[in-house]
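Enquirer: the sequence and its predicted three-dimensional model are supplied below.
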Amino acid sequence: MFKSAEKGSPLQLIDFGSGTMASDPDVMVESSPIPCEQANGDFLSLFTTFAGSAFYISPEMFQRTYTTKTDVWSAGVAIYVLVAGYPSEDLQAAFNQLQNSKNPNERISQLKALPNMPDMPDTFFEMLGQALTYKHRKRMDAKSLLDCEFIKFHKDHEVEEFNRTSSTIVAGATVRHIQNRLYGQYERSVSSLIASLLSRTNLHKLMDKIDELIESSPDDHLEAQDIVEEQLEHVANKKRLQILLVRELQSIMKELGFHEVVKLTKEQSHGKNYDDYAFHVAKLRQFYTYQDEDGSNAKSKTGPSLDDSMSRKLQESMNARKQNLDSSRHSNEDFKGISPHSVHDGKIWDTIKKQLSANQGPSTLKKVNSTGNLNQIF
């Protein structure tokens, strides 16, 4: 978030969520990370806990084997979103381009072709290309990335050696950010509406149809050997991103006979304008709860079941938001037993406070409390 409301205010990182410091001794002892050699000969710790929001996740995170360079990738995607806006109308296409493992020599041209990408200096795309290098062993680390000309230019203006970079006004980005915020409100409203109006059985039917659509590919009728490698990559990306278009969601509900629900989704604010926007399936999955026969929270053999009480569903949703859990993030519960290695223990804020207290003494760092006000911590 911006440090202040003044023009030119610096951005500050907030909401560390499940993150932690890989260098924290406690983390190193608990996770027993595996050393991973990088292209420059350095060694970084390799971790396997799956976490993050799909659009921002690095290729190696999807493989459950990653280093701290996964954060460099996520920062690169965040930079793209800052200058171009979140591409809700072209989300799958943007994701496919970002996750493209082919033709590394054409990476810059791929990035320039991303949806809504504005005209930026070549040094910007060089920096972005280094952050979004597909193979993490060859990707720059955060310290090296800070030495890119585009970043150094914005630290030290009017230095002659930076003659390839100039200040750039990104036109239209603010409008796109506002549009996406409004769409986010619509998406949450539609998710709550569907979950409240459909019975448990009907919601299961809807989710099954959605999963069928996501699991399918345009070439399901072809033999596997006839599907080119790029198509297979796109199918994999479709399963990873877990989205469908709003009109596809409405079409499935019509097919199932949920006409009144479709009508109400269209009547939501600006609903008729969002037919081609990406709907995040996780918005609906958040209303699921796993229960065994005695009612305790656990994944049952018969699959997920939905609470009958809408008030309970909404309460669970609100509790999740209060705990800073992004509804599009994948749950660690889905990947239990895959590996003991983890850097996501949620202790990053405590670690940072200790470091600041030791190195700088009293600080004026602040955080937002539940009422939206800023509280001074130190």
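Expert: Everything's here; your move.
Enquirer: helix, strand, or coil at the nearest residue to residue 90 once chain neighbours are set aside?
Expert: In this structure, residue 90 finds its nearest non-sequential neighbour in residue 115, 3.9 Å apart by CB to CB, 6 or more residues apart in numbering. Yep, even glycine has a C-beta here, placed from its N, CA and C like the rest. State at residue 115, reduced to three classes by DSSP: H, G, I helix; E, B strand; the rest coil: coil.
Enquirer: ok, residue 115 to residue 183 distance?
Expert: Distance, residue 115 to residue 183, by CB to CB, to the nearest Å: 15 Å.
Enquirer: higher neighbour count, these two?
Expert: residue 183 (20 against 16; other CB atoms under 10 Å).
Enquirer: so what's that one up against?
Expert: 88, 270, 274, 277 (CB atoms under 8 Å, 6 or more residues apart in numbering).
Enquirer: now tell me which of those residues the prediction trusts least.
Expert: Ranked by pLDDT, these bottom out at residue 270, which scores 85.
Enquirer: which residues touch that residue?
Expert: Contacts of residue 270 by CB under 8 Å, 6+ apart are 182, 183, 186.
Enquirer: tell me the secondary structure for residue 166?
Expert: At residue 166 the chain is in coil, as set by three-state DSSP.
Enquirer: what is the neighbour count of it?
Expert: Using other CB under 10 Å, residue 166 has 9 other residues around it.
Enquirer: then residue 119?
Expert: Residue 119, neighbours per other CB under 10 Å, totals 9.
Enquirer: where does residue 78 land on pLDDT?
Expert: Per the predicted model, pLDDT is 93 at residue 78.
Enquirer: against residue 57, how distant is it?
Expert: According to CB to CB, residue 78 and residue 57 sit 12 Å apart.
Enquirer: higher neighbour count, those two?
Expert: residue 57 (24 against 13).
Enquirer: ranges for the strands of the chain?
Expert: 34-37, 43-46, 243-245, 278-280, 288-289, 305-306, 366-368, 374-376 (DSSP state E).
Enquirer: mean pLDDT for these: which is lowest?
Expert: strand 305-306 (a mean of 34).
Enquirer: sketch out the low-pLDDT regions of the stretch 151-300 of the chain for me.
Expert: Counting by pLDDT under 70, the stretch 151-300 of the chain contains low-confidence ranges at 157-163, 217-230, 288-300.
Enquirer: how about stretch 250-263: buried residues?
Expert: Across stretch 250-263, burial judged by 16 or more other CB atoms under 10 Å covers 250, 252, 253, 256, 258, 261, 262.
Enquirer: wait, the fourth one sits on residue 203?
Expert: No: using CB atoms under 8 Å, residue 256 and residue 203 do not qualify as a contacting pair, with a distance of 10.3 Å.
Enquirer: check contacts around residue 213.
Expert: 244, 248, 252.
Enquirer: circling back: among the contacts of residue 183, which two are most distant?
Expert: Farthest pair in the contacts of residue 183 (CB to CB) is 88 and 270. Separation: 12.3 Å.
Enquirer: what mean pLDDT does stretch 128-136 get?
Expert: Throughout stretch 128-136, pLDDT has a mean value of 93.
Enquirer: quick one: contacts of it?
Expert: So stretch 128-136 is contacted by 58-60, 66-67, 69-70, 72-73, 75-77, 79-80, 98-101, 104, 107-108, 111, 139-140, 144-145, 148 (CB under 8 Å, 6+ apart).
Enquirer: only whichever of these are buried, select them in ChimeraX.
Expert: This is how ChimeraX selects the buried members of these, with burial counted by 16+ other CB under 10 Å:
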select :58,59,60,66,67,69,70,72,73,75,76,77,79,80,98,99,100,107,111,139,140,145,148
